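**Student:** I would like to see how this sequence folds:
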Amino acid sequence: MEKVYLLEHSYEYELVDGVMVEQIKTIGIYSSEEKAEQTRERYKTKKGFNRFPVDCFYISEYELDEDHWTDGFVPYKPEYNYWQK
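**Tutor:** Sure thing, here's the model as predicted:
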């Protein structure tokens, strides 16, 4: 199986009254982990990204033509404050 590497930048912040929101930016998909790491090094000093620690960058390995979330997912209903099936 061929592998690819997804580079994202992610952080959480408080929207209002303890409600946390996650902000995720997909930066790119690379053919090697080394290329993803090189891009992370370039981006960590760019405007906006440089305001966050380097551990806000995530590199995830994926296999091509592989399914994910095969059992589905459970959406969160914040107005009820519970996980709903």
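**Student:** How many neighbouring residues does residue 22 have?
**Tutor:** Per other C-beta atoms under 10 Å, the neighbour tally for residue 22 reads 8. Bear in mind the C-beta positions are built from the backbone N, C-alpha and C, glycine included.
**Student:** Dig out what it forms beta bridges with.
**Tutor:** On the basis of DSSP bridges, residue 22 is bridged to residue 12.
**Student:** And the one 4 residues further on, by the same measure?
**Tutor:** Partner residues in beta bridges with residue 26, using DSSP bridges, are residue 8.
**Student:** Contacts only, for it.
**Tutor:** 6-8 (C-beta atoms under 8 Å, 6 or more residues apart in numbering).
**Student:** low-scoring stretches of this structure, by residue?
**Tutor:** 76-85 (pLDDT under 70).
**Student:** PyMOL command for the buried members of the contacts of residue 26?
**Tutor:** Selecting only the buried entries of the contacts of residue 26 in PyMOL, with 16 or more other C-beta atoms under 10 Å as the criterion:
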select buried, resi 7+8
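**Student:** and residue 56, what does it touch?
**Tutor:** Counted by C-beta under 8 Å, 6+ apart, residue 56 has contacts 9-11, 49.
**Student:** which residues of the chain fall in helices?
**Tutor:** Assigned by DSSP state H, the chain shows helices spanning 33-43.
**Student:** ok so, going back, just curious, which of the contacts of residue 56 is nearest to residue 67?
**Tutor:** residue 10 (22.8 Å; C-beta to C-beta).
**Student:** What is the burial count for the residue lying closest to the closest one once chain neighbours are set aside?
**Tutor:** Once flanking residues are discounted, residue 10 sits nearest to residue 24: 4.6 Å by C-beta to C-beta, 6 or more residues apart in numbering. Applying other C-beta under 10 Å, we find 11 residues neighbouring residue 24.
**Student:** And residue 24, how far from residue 30?
**Tutor:** In this structure, residue 24 and residue 30 are 17 Å apart, going by C-beta to C-beta, to the nearest Å.
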